[in-house]
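# What follows is a predicted structure for the sequence shown.
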Amino acid sequence: MEKARAHLYIDGRVQGVFFRGFTQDLAESLGLKGWVRNLRDGRVEAVFEGDKKVIEMAIKQCYIGPPASRVTNIEVNWQQYTGEEKEFTVKHTI
């Protein structure tokens, strides 16, 4: 098992469509830690920490998203696993 951290910027119709809740439910069901939040420019930002293969599955599910969403692109920045995330939370918009 390879531990990893992925920092995502998700573009498309991803605000006002339960995308953050979807991402939190997804991460918790897969045992991933991290957070998700809306950005003022209309994107969603998320961080996943855990097994790299599981994170890759989560990213594929984010492309699908909740029913009302339409994801056009996900920018993924792979980073060193830190272990600092203790749960998966929804953060306030910045």
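Sure thing, it's come through. Numbering: from 1, shown residues only.
# Pull out the buried positions in the strand or helix carrying Gln61.
Per DSSP states H and E: Gln61 is located in helix 52-64. Neighbour-count burial for helix 52-64, counted by 16 or more other C-beta atoms under 10 Å, picks out 52, 54-55, 58-59, 62. (Each C-beta comes from the backbone N, C-alpha and C, glycine too.)
# swap in stretch 23-33?
For stretch 23-33, a neighbour-count test (16+ other C-beta under 10 Å) marks 23-24, 26-27, 30, 32-33 as buried.
# Tell me if I'm right that Lys52 and Ala4 touch.
Yes. Using C-beta atoms under 8 Å, Lys52 makes contact with Ala4 at a distance of 3.9 Å.
# Would you mind measuring from the nearest residue to Glu84 once chain neighbours are set aside to Asn73?
Among residues not flanking Glu84 along the chain, Glu49 sits closest, at 7.9 Å (C-beta to C-beta, 6 or more residues apart in numbering). In this view, Glu49 and Asn73 are 22 Å apart by C-beta to C-beta, to the nearest Å.
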